[in-house]
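Novice: Could you look at this predicted model? Sequence included:
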Amino acid sequence: MWTDTKAEGKQASGSGAGLHQRLLNTLLLCTGDMERLEKYMQDKMFVLQLAVWSLRGVARVILANNPLSGALILAALCWASPWQGLLGTLGLLASTLTAVIIGQDSAEVSGGLHGFNGMLVSLLMGVFSSAGDWYWWLLLPVCLGSATCTFLFSGLSPLLDRWDLPVAVFPFNIVILLYLLCTGPDNPYFPHHPAVPPGALEPNATQLSAAEVLYGIPLGVGQIYACGAMGPTLLILGAVLLYSPLLAVHALLGSAAGTLAGLSMAVRHASLYSGLSGFNGALGCIAVGGLFFTFSWRTHLFAIASAFLSAYADIALSNLLGTVGLPACSWAATLAATLMLLLTGRSLAAYRIPIGQVRAPEHNLRSRSQWEAGNTSDRESTDV
């Protein structure tokens, strides 16, 4: 009887361990790039494929590539503002469908590369519009501007491919500035708020609140999606964490670096509290910290340097463009990350990942470890 009880206990513990392992394996399937889902969706209906492509495009804004992360982020945007969620979805679909209609590369479309610029354009149009929420006339420039991003992406891609550089958000930055320049603050149909330079003097000088500054660090991640509410921002951070813990850590670290840069330049308190000082630093940090470079202590320091460079460049560009009422958007992070990718130092070139092979940071790190292990075994096998 004792032996039977013992065997049953082992079987129960084994089944419990097996259940935990199955749950872990299922969770792991939802992390990273979810490449198995891409294979599974190949023979499914176009509407379902479009949904997955679009959700990948949502996550691509923050340099992730996971449809579940995209779904969480879209839910966060709808939570913060249903109107912004509608605009973002419409811009996303307009740019993705434009890519399908004009016959763009299927791998780029399915990877969401033609969706994120359109989404950003539509979100910023809604944020800067002074006509208020549910202003239906705004849907016209949202659709046209998002579709234009696809054409710009297609035109810039062959040019930047020569240097193995990503198109990134160059189309978004170009289109949103052109839109704001064309309409102007007093346009009768599409009025918008003029941007305020971060270096502008405070109307009423008040004492800086350390708690509010710390509060603004996570908000810097949400501001990548033009979201300034803490609850939705935490959901966005959770979505990034689902895709890659390394990416989430670098996003917060980059936002902290951007906030510190803002403090050192005595920018307006509102920029610090709302996270606007941190979002370019967050983008610059996550681009280098394991995404386009394999993660190591050297590239980690390189990512922090990229965050500070992005933040200071953003302050300078914001003060410059703010004199004519224009925002700097994410020009600083885009230019800083492009500059970092152009560096050819031997110590960094060894960690550079070709654009076509970029995956989640953990996958990049695992692939590099396997490659180095293979090279080591090859060298040992050739030793005499």
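Specialist: Yep, that arrived.
Novice: and Ala64, what does it touch?
Specialist: Gly70, Ala239, Val240, Tyr243, Ser244, Leu247, Ala360 (Cβ atoms under 8 Å, 6 or more residues apart in numbering). Bear in mind the C-beta positions are built from the backbone N, C-alpha and C, glycine included.
Novice: low-scoring stretches of the stretch 251-384 of the chain, by residue?
Specialist: Scanning the stretch 251-384 of the chain for pLDDT under 70 picks out 344-345, 369-384.
Novice: same check, this time on the stretch 101-250 of the chain
Specialist: In the stretch 101-250 of the chain, residues with pLDDT under 70: 201-206.
Novice: and the residue nearest the centre of the chain, backbone torsions?
Specialist: When the chain is reduced to its mean C-alpha position, the closest residue under Cα atoms, centre = their mean turns out to be Ile62, at 0.7 Å. Backbone torsions for Ile62, taken as degrees, to the nearest 10, come to phi -110, psi 20.
Novice: Which residue, other than its chain neighbours, is closest to it?
Specialist: Ile224 (5.4 Å; Cβ to Cβ, 6 or more residues apart in numbering).
Novice: The one you found reaches Gly281, doesn't it?
Specialist: No. Contact criterion Cβ atoms under 8 Å: Ile224 and Gly281 do not qualify, at 10.7 Å.
Novice: Those two: which is more packed in?
Specialist: Legend: neighbour count by other Cβ atoms under 10 Å for Ile224 and Gly281, higher for Gly281 (35 against 27).
Novice: excluding its backbone neighbours, what's nearest that one?
Specialist: Per Cβ to Cβ, 6+ apart, closest to Gly281 is Gly258, 2.6 Å.
Novice: That neighbour against Ala313, yeah?
Specialist: No. Counting by Cβ under 8 Å, Gly258 does not reach Ala313; the two are 10.5 Å apart.
Novice: Between those two, which has more neighbouring residues?
Specialist: Set side by side, Gly258 and Ala313 show more neighbours around Gly258, with 36 against 22, by other Cβ under 10 Å.
Novice: In helices, which of the contacts of Ala64 appear?
Specialist: Gly70, Ala239, Val240, Tyr243, Leu247 (DSSP state H).
Novice: can you list the domain ranges for this protein.
Specialist: 26-193, 200-376 (automatic domain parsing).
Novice: Wait, the residue nearest to the centre of the chain touches Leu241, no?
Specialist: No. Ile62 sits out of contact with Leu241 when judged by Cβ under 8 Å, with a separation of 11.4 Å.
Novice: so which helix or strand takes in Pro188?
Specialist: Pro188 is part of no helix or strand, with elements assigned from DSSP states H and E.
Novice: Ser274: which of the ones in helices among the contacts of Ala64 is nearest?
Specialist: Nearest to Ser274 among the ones in helices among the contacts of Ala64: Val240, at 19.4 Å, using Cβ to Cβ.
Novice: From Tyr179, how far off is the closest one?
Specialist: 28 Å (Cβ to Cβ, to the nearest Å).
Novice: So between those two, which is more surrounded?
Specialist: Val240 (28 against 20).
Novice: show me the contacts for the more buried one.
Specialist: Here Val240 is in contact with Ile62, Ala64, Ser69, Val221, Leu247, Ala248, Ala251 (criterion: Cβ under 8 Å, 6+ apart).
Novice: Appreciated, that's everything.
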